[in-house]
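Student: Everything below, folded, please.
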Amino acid sequence: MNRIARFGPEQAGVLAILHGHCFASPWQASEFEILLRQPGIMALMAEGSECPVGFILIRAVADEAEILTLAVEPEHRRQGVASRLLEAASTHLQAGSIARWFLEVAADNAEARALYARHGFTVCGTRPNYYASSPTRAAADAVVMMRPVALL
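Tutor: Residues are numbered from 1 along each chain as shown. Okay, here's the model as predicted:
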């Protein structure tokens with residue numbers, strides 16, 4: 001089982017490497033460092049037996065939170081890492097005054113949408129052409145999903 005730990009700006013390089021393994025347009029270490037120095041930003045990392053295998057980055061403001069990104073190394077997917085990250089993030093958010101959290105996910109990312117639905121997120125809107133096209137992918141709409149932090 002993966003250990004979940006909270007990480008700060010000093011791990012920005014690790015987050016950037018993981019993000020690069022997971023996304024066609026990865027964020028740079030400097031972007032992670034800037035984000036992690038801001039109030040309300042939380043990064044939780046899933047550590048494997050030898051190295052980090054995934055992370056979730058959340059921004060909390062007032063009584064709402066947003067998942068900025070969730071990344072799991074491709075060879076560690078479908079092993080419960082993302083679920084454990086979501087559960088750990090929910091526990092952290094419940095300890096604060098956060099009532100609900102949101103996320104955007106590409107409309108064509110069926111696996112991620114199913115993961116979020118299994119964790120109680122429901123569709124509450126769309127953002128047309130939110131994700132830019134790339135050499136390997138056409139522009140995609142974002143599906144906005146929401147759930148209460150504490151599920152009844």
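Student: did I read that right, Met145 in a helix?
Tutor: No: remark: Met145 does not belong to a helix; assigned using DSSP: H, G, I helix; E, B strand; the rest coil, it is strand.
Student: Quick check: the residue nearest to it when sequence neighbours are not counted vs Pro128, distance?
Tutor: Spatial nearest neighbour of Met145, chain neighbours left out: Phe121 (3.9 Å); criterion: CB to CB, 6 or more residues apart in numbering. Placement of C-beta: from N, CA and C, glycine included. According to CB to CB, to the nearest Å, Phe121 and Pro128 sit 20 Å apart.
Student: Of these two, which one has the most company?
Tutor: Applying other CB atoms under 10 Å to Phe121 and Pro128 shows that Phe121 carries more neighbours, namely 22 against 9.
Student: how about the residue nearest to Met145, what does it touch?
Tutor: In this structure, Phe121 makes contact with Leu103, Met145, Met146, Arg147, judged by CB atoms under 8 Å, 6 or more residues apart in numbering.
Student: what's the farthest-apart pair in those residues?
Tutor: Spatial extent of these (CB to CB) is set by the pair Leu103 and Arg147 at 9.0 Å.
Student: which of those two has more neighbours?
Tutor: Taking neighbours as other CB under 10 Å, Leu103 and Arg147 compare with Leu103 leading, 22 against 19.
Student: Okay then, goodbye and thanks.
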